[in-house]
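K.L.:
heads up, no residue letters with this:
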């Protein structure tokens, strides 16, 4: 029987140790302190663990996917720091702590985000990964930069800001989230799969998996924002509706939104039917998404 | 006789055409518009031309260095957009036009900068460059990301902000500029050289060249800011001293600062003594730096 809790705990520790090692020896630089502050603020490490789990799903050999997983977490963290800025979502709290620009200042937060994004590509091109074929590594850099760039995550954030003053329909809201959170989640899964030499068909199936869980993740995020417990969530509750943001519960009602999330997770798990027991972690992560309370 | 003006014009056109092609077909996305606005605002393209010229200096074959040169210009432009932000240098004009956050808004400018940085790595990992060895391309990604990151350009900008409220000595000012502008200029030269398969010795000599012209460039920038013509400069004159910034003319006086720049250019050109006529463009760029008036 697959012990999901223990698996998450183990993988989180591996990711956290690797991320912490980026800041050894301890640095006195202000920008490194701000990077470390946000990166080590207790994220759930969903994206790196998806990357690791996707690699395991297609390859029984223990390939070294950890640096790539950590580079993706750097990109995710940069996007959170910049999204929280006063000119963006203007958030004071993140995971229960002051946001980066509150703990430091706005200029430092912008630079810390820039630096985490840049560091991700330094990690991806570093000699650490030299056991992998250079062409495979270039493909992974392309997949990740494409997902994080102006046709992916950044366009999603741009639409998110624009949507604050207009009402989106369900299709538009879905498009927004497929870009804003879906693109990097998909890249996390595909990067792991590509490193493990997944076939085109496996990549296609994992892509459907990732798209569905990415959207489910966002739907549940919206639901939790409406009804969640602010202490466990680590941020203010009800802020999205305060900002007149478009959310799934706002569009569909909380009940239908939760039903939608369950359907998405069902689709995700069905897309893995050709995979064996090695995809168990991916299936468990999909189920976890609708069960989580923060 | 090498015609420097014509050379610069030709190379600028090549770089501009390639950069413009990144935005074809025309895009309606706001973030792409902002990226295009800043990228096509008439920069001198010094960094991409250094990259191209360094490749030419070590290899007579016409290797395809243009995408790498353009990726570096994307990184340079992102750094300008973010440096101009209200929480950083708070500049209204750049190259005679409203800065990105003035022409658009702050959130869009932050995202446009993020997107240009990400796009650079997409270009560097793209199939366009597949005639080059994958390992060489990974090395170039590592050189550029290292120069642009928290141990290079970003640390320089962080120190620049911190220095607004304290007096630096000449050594500290030099360190600041070696990071803030020197690191990316050096990476431009070395990236071109590595692509052209420069020997370690050639890389070492080009590195000395780049370090010297990078610093000379900054010294002259400071001098022009004190005494330049605001119309030709395209930005307000005297702003640095308004902000009590540390500058070379402030530290040394204008005359000794100009003398320092001339000495740095002399050192740069001497470092190329083992190179033949193919390094003529690099020598001409070095001379241009002290002669320019904007």
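P.N.:
That came in fine, so what should we check first? What you are looking at is a predicted structure, and each value in this text was computed from that prediction instead of being measured.
K.L.:
got the residues of the stretch 101-250 of chain A near chain B?
P.N.:
A:105-108, A:110-111, A:113-115, A:117-119, A:121-122, A:124-127, A:133-135, A:137-139, A:141-142, A:145-146, A:148-150, A:154-155, A:157-158, A:161-162 (C-beta under 8 Å from any C-beta of the partner chain). All C-beta spots, glycine's among them, are computed from the backbone N, C-alpha and C.
K.L.:
in the stretch 151-294 of chain A, where is pLDDT below threshold?
P.N.:
A:228-244, A:293-294 (pLDDT under 70).
K.L.:
which stretches in chain A count as strands?
P.N.:
A:93-94, A:97-98 (DSSP state E).
K.L.:
what about the ones you listed, which gets the closest to residue A:260?
P.N.:
strand A:93-94 (26.2 Å; C-beta to C-beta).
K.L.:
partners of the closest one, with directions?
P.N.:
Strand A:93-94 pairs in its sheet with strand A:97-98 (antiparallel), by DSSP bridges.
K.L.:
how much distance is there from the partner strand to the middle of the chain?
P.N.:
Between the centre of strand A:97-98 and the centre of its chain there are 19 Å (C-alpha atoms, centre = their mean, to the nearest Å).
K.L.:
likewise for stretch A:77-88?
P.N.:
On C-alpha atoms, centre = their mean, the centre of stretch A:77-88 falls 14 Å from the chain's centre.
K.L.:
picking that back up, list only buried entries from the residues of the stretch 101-250 of chain A next to chain B.
P.N.:
A:106-108, A:110-111, A:113-115, A:117-119, A:121-122, A:124-126, A:134, A:137-139, A:141-142, A:145-146, A:148-150, A:154-155, A:157-158, A:161 (16 or more other C-beta atoms under 10 Å in any protein chain shown).
K.L.:
looking at the residues you listed, which are in helices?
P.N.:
Members of these lying in helices (criterion: DSSP state H): A:106-108, A:110-111, A:113-115, A:117-119, A:121-122, A:124, A:134, A:137-139, A:141-142, A:145-146, A:148, A:154-155, A:157-158, A:161.
K.L.:
so what's the residue nearest the centre of chain A up against?
P.N.:
Note on chain A: the residue nearest the mean C-alpha position is residue A:47, at 4.3 Å, using C-alpha atoms, centre = their mean. The neighbours of residue A:47, taking C-beta atoms under 8 Å, 6 or more residues apart in numbering or on different chains as the test, are A:69, A:72, A:73, A:76, A:184, A:185, A:188.
K.L.:
quick check, nearest of these to chain B?
P.N.:
Set against chain B, the nearest of the contacts of residue A:47 by C-beta to the nearest C-beta is residue A:184 (11.2 Å).
K.L.:
near the closest one, how many other residues are there?
P.N.:
Neighbour count of residue A:184, defined by other C-beta atoms under 10 Å in any protein chain shown: 24.
K.L.:
was I right about it contacting residue A:154?
P.N.:
No. Counting by C-beta atoms under 8 Å, residue A:184 does not reach residue A:154; the two are 10.5 Å apart.
K.L.:
and for these two, which residues touch both?
P.N.:
Joint contacts of residue A:184 and residue A:154 (C-beta under 8 Å, 6+ apart) are residue A:148.
K.L.:
how far away is residue A:99 from chain B?
P.N.:
Counting by C-beta to the nearest C-beta, to the nearest Å, the separation of residue A:99 from chain B is 14 Å.
K.L.:
contacts only, for that residue.
P.N.:
Counted by C-beta under 8 Å, 6+ apart, residue A:99 has contacts A:81, A:84, A:91, A:92, A:93, A:109.
K.L.:
could you rerun that using 7 Å?
P.N.:
Shown in contact with residue A:99 (C-beta atoms under 7 Å, 6 or more residues apart in numbering or on different chains): A:84, A:91, A:92, A:93.
K.L.:
could you pull up phi and psi at it?
P.N.:
Phi and psi for residue A:99, reported as degrees, to the nearest 10, are phi -60, psi 160.
K.L.:
tell me the pLDDT at it?
P.N.:
Per-residue confidence (pLDDT) for residue A:99: 98.
K.L.:
repeat for the one 3 residues further on
P.N.:
Predicted confidence (pLDDT) for residue A:102: 98.
K.L.:
what's the neighbour count on the residue nearest to it when sequence neighbours are not counted?
P.N.:
Counting by C-beta to C-beta, 6 or more residues apart in numbering or on different chains, residue A:102 lies nearest to residue A:92, which is 5.8 Å off, once chain neighbours are set aside. Residue A:92 has 14 neighbours, counted by other C-beta under 10 Å.
K.L.:
list the contacts of residue A:92.
P.N.:
Residues in contact with residue A:92 (C-beta under 7 Å, 6+ apart) are A:98, A:99, A:102.
K.L.:
would you write a ChimeraX line that selects the buried entries of the contacts of residue A:99?
P.N.:
Buried members of the contacts of residue A:99, defined by 16+ other C-beta under 10 Å, are picked up in ChimeraX with:
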select /A:84,91,93
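K.L.:
format the contacts of residue A:99 as TSV; extra columns: pLDDT.
P.N.:
Formatted as TSV, those follow (pLDDT from 0 to 100):
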residue	pLDDT
A:84	97
A:91	94
A:92	95
A:93	94
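K.L.:
and which of the contacts of residue A:99 is nearest chain B?
P.N.:
residue A:84 (11.4 Å).
K.L.:
quick one, what contacts the closest one?
P.N.:
Contacts of residue A:84 by C-beta under 7 Å, 6+ apart are A:91, A:94, A:99, A:100, A:101.
K.L.:
give me the pLDDT for the residue of chain A most remote from its centre.
P.N.:
Distance from the centre of chain A peaks at residue A:28, with 28.6 Å (C-alpha atoms, centre = their mean). Looking at residue A:28, its pLDDT reads 79.
K.L.:
with the one 5 residues further on instead?
P.N.:
Note for residue A:33: predicted pLDDT of 95.
K.L.:
select, out of the strands of chain A, the one closest to residue B:280.
P.N.:
Residue B:280 lies closest, by C-beta to C-beta, to one member of the strands of chain A: strand A:93-94, at 53.6 Å.
K.L.:
would you agree residue A:218 is in contact with residue A:181?
P.N.:
Yes. Using C-beta atoms under 7 Å, residue A:218 makes contact with residue A:181 at a distance of 5.3 Å.
K.L.:
which elements pack onto the helix ranked longest in chain A?
P.N.:
Counting by DSSP H, the longest helix found in chain A is helix A:200-227. Under the contact criterion of 3 or more C-beta pairs under 7 Å, 6 or more residues apart in numbering or on different chains; DSSP states H and E, helix A:200-227 touches helix A:170-177, helix A:183-195, helix A:239-242, helix A:248-252, helix A:254-270, helix A:280-291.
K.L.:
most neighbours per residue, which of the ones you listed?
P.N.:
Highest mean neighbour count among those (mean count of other C-beta atoms under 10 Å in any protein chain shown): helix A:183-195, with a mean of 26.
K.L.:
look up how far residue A:218 lies from residue A:167.
P.N.:
As defined by C-beta to C-beta, to the nearest Å, residue A:167 lies at a distance of 18 Å from residue A:218.
K.L.:
roughly how far apart are residue A:260 and residue A:33?
P.N.:
Taken as C-beta to C-beta, the span from residue A:260 to residue A:33 is 41 Å.
K.L.:
cool, residue A:270 as well?
P.N.:
To residue A:33, residue A:270 is 45 Å away according to C-beta to C-beta.
K.L.:
and for residue A:218?
P.N.:
Counting by C-beta to C-beta - residue A:218 and residue A:33 are separated by 31 Å.
K.L.:
who's more crowded, the two?
P.N.:
Ranked by neighbour count (other C-beta under 10 Å), residue A:218 and residue A:33 place residue A:218 first, with 24 against 16.
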